[in-house]
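# sequence first, then the predicted structure, then my questions.
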Amino acid sequence: MQNYLLSILIFLPLGAMVGILCLPNSQKKTFKIITLLVTGLQLLVSLVIYATYAVSKGSPAGVYHTSGFQFAERVEWIRLDLGNLGQLSIDYWLGVDGLNVMLVVLTGLVMFVGAIASWQIQTKVKGYFALYLLLSSSLMGCFVALDFFLFYLFFEFMLLPMYFLIGIWGGERREYASIKFFIYTLFGSLLILIAMIALYLSVIDPHKTARQAGLAEKSQVIDNQILTKTQDKLAEGTLPANNRVHTFGLPMMMDKANYLPNASLQPNSGSETWTMRALIFWALLLGFAIKLPIVPFHTWLPDAHVEAPTPVSVVLAGVLLKIGGYGILRIAYSIFPDMAIEYASWVASLGVLAIIYGALNALAMADLKKMVAYSSVSHMGFVLLGVASLTAEGVNGAIFQMFSHGILSAMLFIIVGVLYDRTHDRQIEHYRGLSQAMPYFTGLVMIAFFASLGLPGFSGFIGEVFTLLGSFKSTKIAIGISVVAVGGIVLGAAYFLWTLQRMFLGKFWVKDAQWKTQLHDLYPAEWLMLGGLAAATLVFGLFPSLVFNLTSQSVEVFLGLFVK
Amino acid sequence: MQIPLENILILSAFLFCIGLMIMITKRNIVVVLMGIELILNAANLNLVAFSQYDAEKLQGQVFALFVMVVAAAEAAVGLAILLLVYRHFKTANLDQISKMKG
Amino acid sequence: MFSKNLVSELSNQLNQILDSLVWVYPELVLAGWFLGILLLDLVWRNLPYRILAGITGLGLGLTAVLVYRQFVDFQPLSGNLFLGMLQLSPAAIYFKFIFLLCIACTVLLAGRSRLFRRTKPPYAEFLALLLAMGLGLHLLAMSVNLLMIYLSLEVVSLSSYILAAFHFNQKASEGSIKYLLFGAFSSGVMLYGMSLLYGFCGTLQITDNQFVTGLAQADGMAVLVAGFLAMAGLLFKISALPFHLWTPDVYQASPTAVVAFFATAPKIAGVLVLWQFSQVLGKIDFWLGNVKVEWTDLLAVLAILTIIFGNFSALWQTQAKRMLAYSAIAHAGFLLIPLVAANELGRQSLFFYLTVYVLMNFGAFWLVELMSQVADYQIKSYEGWGNAYPILGLGFLVVMIALTGLPPTAGFTAKLLIFSALWEAYQSSQNQLLLVLWVVGLLNTVVALYYYLKIPFYLFLRPLPTPPNPILTVRKLDYAWLILLIFPLIFWFFKTDWLMAMLKMLV
């Protein structure tokens, strides 16, 4: 059982989706209950993973140590014989280490909250919940996949449900928003595909190659000695080409010794092929940056958010964006550490650009949901900054920031949803003094806003401070870049406080007098969602070690890639 | 008397170009079909001319015979379709035969 | 009168020809069935389509059995037939199967097609011509001789000009005459190119060593031009630039079943011959002055142009069949990629791509034909039907995703494989043009997505107009066929190795 937890995370919603599709259309309530149960179970499983994730000194913590992954599952999925090119092997390979364990927990949490928020969906219920479950499955898959092909499969797979979720259940300009979302992210994913093809043809799996080339007997356990021998033979060029087993395994791609000696992506190659490595690195970075999103590739995000129904916005901001950050950590940076060092300042500048640009835009928005969407752009900029710093603080902070932003953005979008459900209006200027009509709601809004703007004691503070600490400490980033990023925090405080003041403080007034009767305080379901998330942000803000304990070891291993 | 190969090649190239020009400039379907015949015959001329340098001598000439047969069949089909076109459009002018947007 | 030597050689040759006959039984059956159907129609006029189709199916089945026998009995030595005119290879046998499958699908689709049934064309001729095309395609797949290539290509072409006109209405006649003129033109150009190639090397046998050595000695520029001209007819068949002009009109005007056939079988045959062709010409380095040009450079440029043109033109289309026509052009560009790569992986990936391509196309055209019940192939008229018929909509979605080349469909695997082959070729040659093709080809998927997505967009994102004017009837048979066509598209993504293991045997 223990060994199949990750598969359960992926296939449970998939199975439930099939079940929903088989039920008759009229069972609206059943669809909702099934989805709630399944996502609840997912949350439970991810919490079990969190609780049993072993943190022990000495054991290698994943990243490029294949044995260091926990809850790992690895089965050969596709094996093709490419003739004189050797073999191609795709694994069904799942595993958890410090880089993704918190994101799995986050996905479980946000998908569950999203399922509660989906209760209000009234039209085409069957399709909605089927797609929601499909989305849940592919998101989980994306975070736990350790094979590039598998990762890519899930990565592309979530585009379709997302497209339909926005396009069918969205707001007025849903068609435009959904197509824009699809085209942008597909463009990103094609850049990733380019990198994937170039990478897998340059890398071999030493384990399987040893078997294929007869360097190890059938029954023999492959030890390090054989691996080194295989890699040496590869480097010498004495390994027959048709015995090479090309792999999509991400950890394999992180080991220099696994690259073909004449590949243009070979890390030790001379200056001539240097550019190809840089190009592929940037293709990957750009691909994930579109998802993250990073200015100037962010324009799909506000549109998608504004048009998407509340639960979809929650999932989009809470989980989907994290795939961009996670991809940069797990793939772009881990496989191209040399390039990451080379271009650290550029990447950090992109991050800071997103921070400042997102914050300035948020300040200018009249639509509350757009304001929140741009705040996401700003907050995800910190992730990029932290990763680019290549320091323990920065990278840990980036992971924390992703986790924290997942909780906070979910909360913020639910807040927007609460208002929108009651009045169908999101303009900031149409409300004043809401605290008098909805005191409890206002209390939770204040928690969300203060947590987001980085008040100490809440999770947002930890994420931002650590990424900034990392960037100041980093030798690879010019200090000026970090200084500008601090300005982003100030701006963040400005737009959140200003919004708070405009909408919630002062004398109660709303644009339409009729709204006054509609604006009642929170319903139980909303209490549950907002309260739970608020508790989470407080707990993680007060005890950041709940995250850092799990991540720090792997981050150390990750950083080890950059000193070799 | 043997005609030098170059002369034949030049003639065939000339024929080919005329055929091409007809195809591009003429608008009447029948004339265009004639242009195609010229192209085919240019090729035939080449085939027969080159045939004398062939070790087995015959390949090019046989090819040319087959081409004539095919050309006849093509003309038959072409004219049949032309009749169909004429029935619908009452013209054989290519410029006027365009009901579909390109 | 004749020398003894000549007589003995003659009898030798006759014997060889007689021996070869054993290996063309499938083709003989096709030819016989072609005549049989025509005779049958002479005797009993106005036989219903169902009966004629049944008889045709019988012939196809028999041919398939014979092709299977070839597959079982095949030995490498039995390859050369008719003094080297034809060459039987496992790949040719495999694609003969595919051609038969295409014809069977076409017969079924024509039977299901409403417009086709309404105009009541002469069914017997329709089926007979399909069989004739099948014969031409079978021969084309085995041709290694310029004469045979030309002849079998013409058999295919002449039949297809007539088939293209099979609605016999104004549009069909227009499409057909354009098809004929472009076709005759490109085959004329091809013939001229062939005659020049013949002049360079003194043989028509493209697998002959003399062919390669002859071309290598000739002037580079001249061979390049002649080779390009000789490709014209084949490029026309696969609707690649610059011989693509007929595609949109013919696709729009001809019966859907015929179009589905044109989009698959002749294209496959064309690509196969092109593969043979470029295998030979790829061995030669052309020197233009002191710049080295390779055959693959020419193909790469054609592929880039074709992909870009096809995809961007498809963007503006509002008519489903016209859109599929431009998509067919774009796919022709993708089919050229393995030829550019010209390595072992390229060969396997080409076969994989072609196999998947057949399924995608017949799936797409089957659905388009089904939807034609509600409107005249306008994509706009698909509004909301996906919600009313979810399985139909899902089928459309899968097919469109596969055509775009996204997971989880075999369309993605096919793209992955051809681009892998191309990357490998780039790695070994460091030819920058290949890199350009690689990037352009992959990024074009975004463009492709935009227009392919239009169909699911209208199907699912727009409400059904109330009241829905015509009624859409979907029979159980349709579902069965859709599942048969679409299931492998998904299955082969998850179990790519099964199909690839089979294709690997075709060496």
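Nice, thanks for sending it over.
# any regions of chain A where pLDDT drops low?
Along chain A, the parts satisfying pLDDT under 70 run over A:1-2, A:56-60, A:268-274, A:564.
# residue contacts, the residue nearest to C:Trp492 when sequence neighbours are not counted?
Closest residue to C:Trp492 apart from its sequence neighbours, by Cβ to Cβ, 6 or more residues apart in numbering or on different chains: C:Ala410 at 3.8 Å. C-beta coordinates here come from the backbone N, C-alpha and C atoms, glycine included. Contacts for C:Ala410 (Cβ atoms under 8 Å, 6 or more residues apart in numbering or on different chains) come out as C:Phe352, C:Val356, C:Leu359, C:Ala402, C:Pro488, C:Leu489, C:Ile490, C:Phe491, C:Trp492, C:Phe493, C:Thr496, C:Leu499.
# report the distance from the particular helix or strand that has the third one in it to the chain centre.
This means C:Leu359. Per DSSP states H and E: C:Leu359 is located in helix C:344-371. Relative to its chain's centre, helix C:344-371 lies at 9 Å (Cα atoms, centre = their mean, to the nearest Å).
# same question, stretch A:67-82
On Cα atoms, centre = their mean, the centre of stretch A:67-82 falls 23 Å from the chain's centre.
# in that stretch, what counts as buried?
A:Gly68, A:Phe69, A:Gln70, A:Phe71, A:Ala72, A:Glu73, A:Trp77, A:Ile78, A:Arg79, A:Leu80, A:Leu82 (16 or more other Cβ atoms under 10 Å in any protein chain shown).
# just confirm the fourth one is within a strand.
Which is A:Phe71. Yes - assessed by DSSP: H, G, I helix; E, B strand; the rest coil, A:Phe71 belongs to a strand.
# residues contacting it?
A:Gln2, A:Asn3, A:Leu5, A:Leu6, A:Ile49, A:Leu94, A:Gly95, A:Val96.
# what of C:Leu245?
For C:Leu245, the contacting residues are C:Lys178, C:Phe182, by Cβ under 8 Å, 6+ apart.
# what about A:Gly457, distance to A:Thr423?
A:Gly457 sits 32 Å away from A:Thr423, taking Cβ to Cβ, to the nearest Å as the criterion.
# likewise for C:Lys504?
In terms of Cβ to Cβ, C:Lys504 sits 64 Å off from A:Thr423.
# ok, now which ones touch the closest residue to chain C within chain A?
Among all residues of chain A, A:Gly83 sits closest to chain C, at 3.6 Å; criterion: Cβ to the nearest Cβ. Residues near A:Gly83 by Cβ under 8 Å, 6+ apart: A:Asn242, C:Glu344, C:Leu345, C:Gln348, C:Lys504.
# so what's the residue count around the closest residue to the fourth one other than its chain neighbours?
By that I understand C:Gln348. Residue nearest to C:Gln348 in three dimensions, not counting chain neighbours: C:Leu503, with 5.5 Å by Cβ to Cβ, 6+ apart. Using other Cβ atoms under 10 Å in any protein chain shown, C:Leu503 is surrounded by 20 other residues.
# which other helices and strands contact the strand or helix carrying C:Leu503?
Element membership for C:Leu503 (DSSP H and E) is helix C:496-504. Contact here means 3 or more Cβ pairs under 8 Å, 6 or more residues apart in numbering or on different chains; DSSP states H and E; on that basis helix C:496-504 packs against strand A:70-81, helix C:344-371, helix C:410-429.
# which residues sit against the next helix or strand along the chain from the longest one?
Stepping forward along the backbone from helix C:344-371, the first helix or strand reached (DSSP H and E) is helix C:385-388. For helix C:385-388, contacts defined as Cβ under 8 Å, 6+ apart pick out A:124, C:371, C:374, C:392-394, C:396-397, C:456, C:458-460, C:463-464, C:468, C:472.
# swap the cut-off to 10 Å and go again
A:124, A:127, A:168, C:370-371, C:374, C:392-397, C:455-465, C:468, C:472, C:474 (Cβ atoms under 10 Å, 6 or more residues apart in numbering or on different chains).
# buried ones from these, can you make that a PyMOL selection?
Entered in PyMOL, the line below selects the buried ones among those, by 16+ other Cβ under 10 Å:
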select buried, (chain A and resi 124+127+168) or (chain C and resi 370+371+374+392+393+394+395+396+397+455+456+457+458+459+460+461+462)
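# chain A contacts on the stretch 101-250 of chain C?
By Cβ under 10 Å from any Cβ of the partner chain, no residue of the stretch 101-250 of chain C approaches chain A.
# roughly how far apart are the residue in the stretch 101-250 of chain C that chain A sits nearest to and C:Ile149?
Across the stretch 101-250 of chain C, no residue is closer to chain A than C:Thr207, which sits at 20.6 Å (Cβ to the nearest Cβ). Using Cβ to Cβ, one gets 12 Å for the distance from C:Thr207 to C:Ile149.
# between those two, who's got more neighbours?
More crowded of C:Thr207 and C:Ile149, by other Cβ under 10 Å: C:Ile149, with 24 against 16.
# pLDDT score assigned to the more buried one?
We have a pLDDT of 93 for C:Ile149.
# how about the nearest residue to it, chain neighbours excluded?
C:Ser143 (4.5 Å).
# quick check: angle from the helix holding C:Leu503 to helix C:344-371?
Comparing the axes of helix C:496-504 and helix C:344-371 via axes from the mean of the first three to the mean of the last three Cα atoms, to 10 degrees yields an angle of 110 degrees.
# what comes up buried for helix C:496-504?
C:Thr496, C:Asp497, C:Leu499, C:Met500, C:Leu503, C:Lys504.
# and the average pLDDT for the lengthiest helix in chain B is what?
When chain B is parsed with DSSP state H, its longest helix is helix B:59-89. In this model, helix B:59-89 has an average pLDDT of 91.
# now check it, is it near chain C?
Yes - Helix B:59-89 lies within reach of chain C by Cβ under 10 Å from any Cβ, at B:59-60, B:62-64, B:66-67, B:69-71, B:73-78, B:80-89.
# type out the ChimeraX command that picks the buried ones from those.
For the buried members of those, the matching ChimeraX selection, counting by 16+ other Cβ under 10 Å, is:
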select /B:59,60,63,64,66,67,70,71,74,75,77,78,81,82,84,85,88,89
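# circling back: give me the contacts around the helix holding C:Leu503.
A:76-83, A:88-90, C:90-91, C:94, C:344, C:347-352, C:354-356, C:410, C:412-414, C:416-417, C:488, C:491-492, C:495.
# distance from that helix to the middle of the chain?
For helix C:496-504, the distance to the chain centre is 20 Å (Cα atoms, centre = their mean).
# quick check: angle from it to helix C:410-429?
Using the same axes, to 10 degrees: helix C:496-504 against helix C:410-429 is 60 degrees.
# what angle do helix C:496-504 and strand A:70-81 make?
Going by the same axes, to 10 degrees, helix C:496-504 makes 20 degrees with strand A:70-81.
# CA atoms only for helix C:496-504, dumped as PDB, please.
Only the C-alpha atoms of helix C:496-504 are listed here, as PDB (Å, rounded to 0.1, in the frame of the first residue of the first chain):
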ATOM      1  CA  THR C 496       3.900   2.500 -28.800                       C
ATOM      2  CA  ASP C 497       6.300  -0.500 -28.700                       C
ATOM      3  CA  TRP C 498       3.700  -2.900 -30.100                       C
ATOM      4  CA  LEU C 499       3.300  -1.100 -33.400                       C
ATOM      5  CA  MET C 500       6.900  -0.100 -33.600                       C
ATOM      6  CA  ALA C 501       8.100  -3.700 -33.000                       C
ATOM      7  CA  MET C 502       6.000  -4.700 -36.000                       C
ATOM      8  CA  LEU C 503       7.200  -1.800 -38.200                       C
ATOM      9  CA  LYS C 504      10.800  -2.700 -37.300                       C
END
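# returning to what we had before: adding distance to A:Ala145, write the buried residues of stretch A:67-82 out as CSV.
Shown next, in CSV, are those (distance: Cβ to Cβ, whole Å):
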residue, distance to A:Ala145
A:Gly68, 16
A:Phe69, 11
A:Gln70, 15
A:Phe71, 13
A:Ala72, 12
A:Glu73, 11
A:Trp77, 11
A:Ile78, 14
A:Arg79, 18
A:Leu80, 19
A:Leu82, 23
